[in-house]
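**Q** Sequence below, structure please.
(4 chains)
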Protein chains: 2
Amino acid sequence: MNPDEKKILEEQIKSKSLRHSQPREKILEVFVKANKHLTVQELYFLVKKKYPDTGLATVYRALKLICEAGLCREVRFEDGIARYEFVREGDHHDHLICIKCGRVEEIYDPEIERLQHKIYKKYKFIPHAHNLELYGICDKCSKKHLGGSK
Amino acid sequence: MNPDEKKILEEQIKSKSLRHSQPREKILEVFVKANKHLTVQELYFLVKKKYPDTGLATVYRALKLICEAGLCREVRFEDGIARYEFVREGDHHDHLICIKCGRVEEIYDPEIERLQHKIYKKYKFIPHAHNLELYGICDKCSKKHLGGSK
DNA sequence: CTCTATGCAAAACCTTTGCATAGAA
DNA sequence: TTCTATGCAAAGGTTTTGCATAGAG
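**A** The predicted structure is shown next:
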């Protein structure tokens, strides 16, 4: 595991006069290793597998902290449940989601980003964040339907 | 009030062998008149003002029906609460949201739409729906902060 | 008369909070 | 020793569901 994330989180902790703790470190570790979108529940169960004493509330609190450190991003798809994804510095991407199997592709289109900034300018908004989700049916799932039963 | 929406809803109701009902008609009426994004709670209180006997569950159920008829769209901003917006045929737009005052601008950029379809093609997804939310600070709110206290 | 829709309350979610205690500095 | 973080349980908020009854066809 890259020590950078740990360092960034530690700095964030120091800068807010909080304390380092075992659960926080372990939650970050499992989260980084998972390397995909996780709901709090999912992360909670992953963490529990290795560290059974962990409480759900701690996962919520740690995730909030990790987000504030800029290490993760909250996204919500159609079901409205918060999902968290690990974010490396300078990284930004949007999502292409299959509504059949739930598969998520990360996408990035600089042209779209540019056009978004034009919109901010046109409406005189200071950019803060944005969210683009494309829902569709992936090739695997669409083939299943063409191929006949089941 | 344009009778078209009522007609579309009635057709949807017929096609699913459901029944016309007073509450459904009234909820649709108030929803269309409001003509903006509403949470279920907001719509519930609006409906209650005119028709005090209405129940919250009925609003949830009616809204789901109205969505299925293609007359409304569910959107979720950062707070994760479902908001519903009335959709006229062929209408599509995205949202520009002020994170300070909550003001919502409807935006539409054909260029962005075109690029989104290129992405679907590139990843071999069949398009279904998409969601673009731009968060920022509107000019009014940013001026408040520059201008000094309060 | 039959079957669906309603209203109410309870339940089922996700998420936050309060509090006594464990643990970090 | 002094605070913060934790785990647990309770509380909050949104959304769904069960059920007896009202209402539509």
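**Q** Quick check, central residue of chain A?
**A** For chain A, the residue nearest the mean C-alpha position is A:E85 (1.6 Å; CA atoms, centre = their mean).
**Q** Other residues contacting the helix or strand where it lies?
**A** For A:E85, the element it lies in under DSSP states H and E is strand A:82-86. Here strand A:82-86 makes contact (CB atoms under 8 Å, 6 or more residues apart in numbering or on different chains) with A:5, A:31-32, A:34-40, A:43, A:63, A:66-67, A:71-77, B:80. (Each C-beta comes from the backbone N, C-alpha and C, glycine too.)
**Q** again with stretch A:91-101
**A** Outside stretch A:91-101, the residues within contact range by CB under 8 Å, 6+ apart are A:75, A:77-78, A:103-109, A:112-113, A:131-138, A:140-141, A:144, B:119-120, B:123, B:125, B:128.
**Q** Stretch A:137-147 now?
**A** With CB under 8 Å, 6+ apart, stretch A:137-147 has contacts from A:C98, A:I99, A:K100, A:C101, A:R103, A:K150, B:Y123, B:K124, B:F125, B:I126, B:H128.
**Q** List buried residues within those residues.
**A** For these, a neighbour count by 16 or more other CB atoms under 10 Å in any protein chain shown gives the buried set as A:C98, A:I99, A:K100, B:F125.
**Q** wait, what's in contact with A:L18?
**A** A:L18 sits next to A:L65 when contact means CB under 8 Å, 6+ apart.
**Q** Let's verify it: helix, strand, or coil?
**A** Three-state assignment for A:L18 (DSSP: H, G, I helix; E, B strand; the rest coil): coil.
**Q** what pLDDT does it get?
**A** Model confidence at A:L18, given as pLDDT, is 84.
**Q** Same check on A:L46?
**A** Predicted confidence (pLDDT) for A:L46: 96.
**Q** what kind of secondary structure is it in?
**A** Look at A:L46: counting by three-state DSSP, its state is helix.
**Q** What parts of chain A come near DNA strand C?
**A** A:19-22, A:39-41, A:56-57, A:60-61, A:64, A:81-82 (CB under 7 Å from any atom of the strand).
**Q** at 10 Å what do you get?
**A** Within chain A, the positions adjacent to DNA strand C are A:10, A:13-14, A:17-25, A:39-44, A:53, A:55-61, A:63-64, A:74, A:76, A:79-84 by CB under 10 Å from any atom of the strand.
**Q** Tell me which entries of the residues you listed lie within helices.
**A** Using DSSP state H, the subset of the residues of chain A next to DNA strand C located in helices is A:10, A:13-14, A:22-25, A:40-44, A:56-61, A:63-64.
**Q** So which bits of stretch A:6-21 are buried?
**A** Buried residues in stretch A:6-21, defined by neighbour count with 16+ other CB under 10 Å: A:K6, A:I8, A:L9, A:E10, A:Q12, A:I13.
**Q** Near DNA strand D, list only the ones from the residues you listed.
**A** Answer for those near DNA strand D (CB under 10 Å from any atom of the strand): A:I13.
**Q** will you turn the buried residues of stretch A:6-21 into CSV that also has distance to A:H92 and pLDDT?
**A** CSV is the format used below for these (distance: CB to CB, whole Å; pLDDT from 0 to 100):
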residue, distance to A:H92, pLDDT
A:K6, 22, 85
A:I8, 17, 87
A:L9, 20, 86
A:E10, 24, 86
A:Q12, 20, 87
A:I13, 24, 85
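**Q** wait, which of the buried residues of stretch A:6-21 is closest to A:K49?
**A** Nearest to A:K49 among the buried residues of stretch A:6-21: A:K6, at 20.6 Å, using CB to CB.
**Q** Just the buried ones from the ones in helices among the residues of chain A next to DNA strand C?
**A** Among these, the ones that count as buried by 16+ other CB under 10 Å are A:E10, A:I13, A:P23, A:R24, A:V40, A:E42, A:L43, A:Y44, A:T58, A:V59, A:L63.
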